[in-house]
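Q: Using only what follows, build the 3D model:
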Amino acid sequence: MVINMIDEILSLTQKHEKWRVKECLNLIPSENVTSPAVRSLLSSDFGHRYTSPDKFYFGTRLMDEIEEYGEKLAKDIFKSETADLRPLSGHIANLIFLACFTKPKDTFLSVSPSNGGYPGISEQGLAGFLGLKVANFPFSKEQMNIKTDETTDLILREKPKAVIFGASLFLFPHPMQKIAETANEINALVAYDGSHVLGLIGGGSFQDPLREGASVLFGSTHKSFFGPQGGIILAKKEYGEIIKERIHPAFVDNAHWNRIAALTLSLAEMKAYGKEYAQQVVKNAQTLAKALAEYNFPVACPNIGYTKSHQVFLDYGGYKQGRQIAEKLEKVNIIGDCGVRLGVCEVTRRGMKEEEMQKIADLVKRIVVDNEQAHLVKKEVVKFATEFQEIKFTF
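A: Residues are numbered from 1 along each chain as shown. Prediction:
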């Protein structure tokens, strides 16, 4: 019985590795792929160990050095005064920020989930759990962005405790500076959830939140940033020190040191290759968007260049039709999501460039529009994917 269980678990893992890694084109914008070196650190002895800020555990000096080195790299890359690598996810980073700087009945401002905002901080998520009120940015669906003048009026009227930029459907940099100035007038704390665009920020190809008015930048480390799954918080000293004082033991006890070691190596890769990587990601996204638009797909924002991030948005008007599209794509080993957000981070890291984006658009057209037989398109997808197995932008 036990041997059968072991065989089944190992077999399922091997099948997944063969299918998703070697035979699929992954276009999920919230996923990426780590380098072999980074992946090896996830299975290192660090994964067995504990440490603690109060030095309760001994034998931690090398783990402490890794953390210090990672924080130094993060501060350098993002030009922040403090960095904390301990959050276990971008969602936990959101929780830490809200719990540290708001109290029940406070209001914070964010992008509505109906406009692509992160549902995890909505009234159904952390806001409801923490007893916070949510006001939503006035938003233009045509521009897929925040309306500046209406937002400044809303801030002066509602006087939120915090203003949080960032979204899950994130095509263009947010207009931060004027809004941040207004937030400062009423002493609202400005933050930026960079979960989706952190790698583009680190590579200098999106925007620079900590120079454009944010005091805290946080997010996931595994989307456009090509690290292990986890979170990070970067902040000005005044706020970063508060976070560092409170994060343990309230929000993170054992911080998963194998992940921190892997994240530290990913930060080193970002420092060395981030600019080249981020530029190619944006080029690829724009090329894919243009090619799909030429095939008459409903690509959002045609009048303003479709995208300046890692995402392309096919606006089918809702999840029902979006799910149908995602199901069609999965049948031919092209992996997406029900929102029909197409992300190019992983294929970029596998070495694909503009020419390959044209090829992907053609494959998508053949199954979604032309309704070609799935097994024929799938055969081409598998052959195409197997040609791009080497991870780029790494040592």
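Q: Flag the shaky bits of this protein, pLDDT-wise.
A: Within the chain, the stretches with pLDDT under 70 are 1.
Q: longest single helix anywhere in it?
A: helix 257-294 (DSSP state H).
Q: packing partners for it?
A: helix 36-42, helix 61-78, helix 198-202, strand 311-313, helix 345-349, helix 354-368 (3 or more CB pairs under 8 Å, 6 or more residues apart in numbering; DSSP states H and E). C-beta here means a position set from N, CA and C on the backbone, and glycine is covered the same way.
Q: Would you mind telling me which of these is nearest Val111?
A: strand 311-313 (14.0 Å; CB to CB).
Q: count of neighbours near the nearest residue to Cys301 once chain neighbours are set aside?
A: Counting by CB to CB, 6 or more residues apart in numbering, Cys301 lies nearest to Met144, which is 5.4 Å off, once chain neighbours are set aside. Using other CB atoms under 10 Å, the number of residues around Met144 comes to 22.
Q: just to revisit the earlier point, redo the helices and strands packed on helix 257-294 as TSV? Include mean neighbour count and distance to Leu267.
A: Shown next, in TSV, are the helices and strands packed on helix 257-294 (neighbours: other CB atoms under 10 Å; distance: least, CB to CB, whole Å):
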stretch	mean neighbour count	distance to Leu267
helix 36-42	17	10
helix 61-78	17	4
helix 198-202	28	8
strand 311-313	29	23
helix 345-349	26	15
helix 354-368	19	27
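Q: Can you add distance to Pro113 and give the ones you listed back as TSV?
A: Shown next, in TSV, are the helices and strands packed on helix 257-294 (distance: least, CB to CB, whole Å):
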stretch	distance to Pro113
helix 36-42	31
helix 61-78	27
helix 198-202	20
strand 311-313	15
helix 345-349	22
helix 354-368	26
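Q: Tell me where this protein has helices.
A: Under DSSP H, the chain gives helices at 2-16, 36-42, 61-78, 90-101, 126-130, 148-158, 177-185, 198-202, 237-250, 257-294, 319-331, 345-349, 354-368, 374-386.
Q: which other residues reach stretch 3-22?
A: Contacting residues not belonging to stretch 3-22 are listed as Asn26, Asn333, Ile335, Ala385, Thr386, Gln389 [CB atoms under 8 Å, 6 or more residues apart in numbering].
Q: For the first one, which residues are in contact?
A: Read it as Asn26. Counting by CB under 8 Å, 6+ apart, Asn26 has contacts Arg20, Val33, Ile335, Glu346, Val347.
Q: related to what we said a few turns ago, just want the angle from the longest helix of the chain to helix 354-368.
A: In terms of direction (axes from the mean of the first three to the mean of the last three CA atoms, to 10 degrees), helix 257-294 departs from helix 354-368 by 70 degrees.
Q: and the spatially closest residue to Glu269 that is not a sequence neighbour, what is it in contact with?
A: The spatial neighbour of Glu269 that comes closest, neighbours along the chain excluded (CB to CB, 6+ apart), is Thr394 at 5.3 Å. Residues near Thr394 by CB under 8 Å, 6+ apart: Ser35, Pro36, Ala37, Val38, Glu269, Tyr273.
Q: hmm, back to that, would you indicate which residues of the longest helix of the chain are buried?
A: Neighbour-count burial for helix 257-294 flags 257-270, 273-274, 277-278, 280-293 (criterion: 16 or more other CB atoms under 10 Å).
Q: do stretch 227-240 as well
A: Neighbour count says stretch 227-240 has Gly227, Pro228, Gln229, Gly230, Gly231, Ile232, Ile233, Leu234, Ala235, Tyr239, Gly240 buried, by 16+ other CB under 10 Å.
Q: In strands, which of the residues you listed appear?
A: Gly231, Ile232, Ile233, Leu234, Ala235 (DSSP state E).
Q: Closest one of those residues to Asn303?
A: Using CB to CB, those come closest to Asn303 at Leu234, 33.6 Å.
Q: Ile242 - how many residues pack around it?
A: 15.
Q: before we move on, what about the one 3 residues further on?
A: Counted with other CB under 10 Å, the neighbours of Glu245 add up to 11.
Q: Same check on Leu98?
A: Neighbours around Leu98, by other CB under 10 Å: 22.
Q: Test my guess that it contacts Gly128.
A: No: between Leu98 and Gly128 there is no contact under CB atoms under 8 Å: 11.5 Å.
Q: Which residue, neighbours along the chain excluded, lies closest to Leu267?
A: Nearest one to Leu267, counting by CB to CB, 6+ apart, is Leu73 at 4.0 Å.
Q: quick one: contacts for that neighbour?
A: Thr264, Leu267, Ala268, Lys271.
Q: what about 10 Å?
A: Applying CB atoms under 10 Å, 6 or more residues apart in numbering, we find Leu73 in contact with Ala83, Leu85, Leu263, Thr264, Leu265, Ser266, Leu267, Ala268, Glu269, Met270, Lys271.
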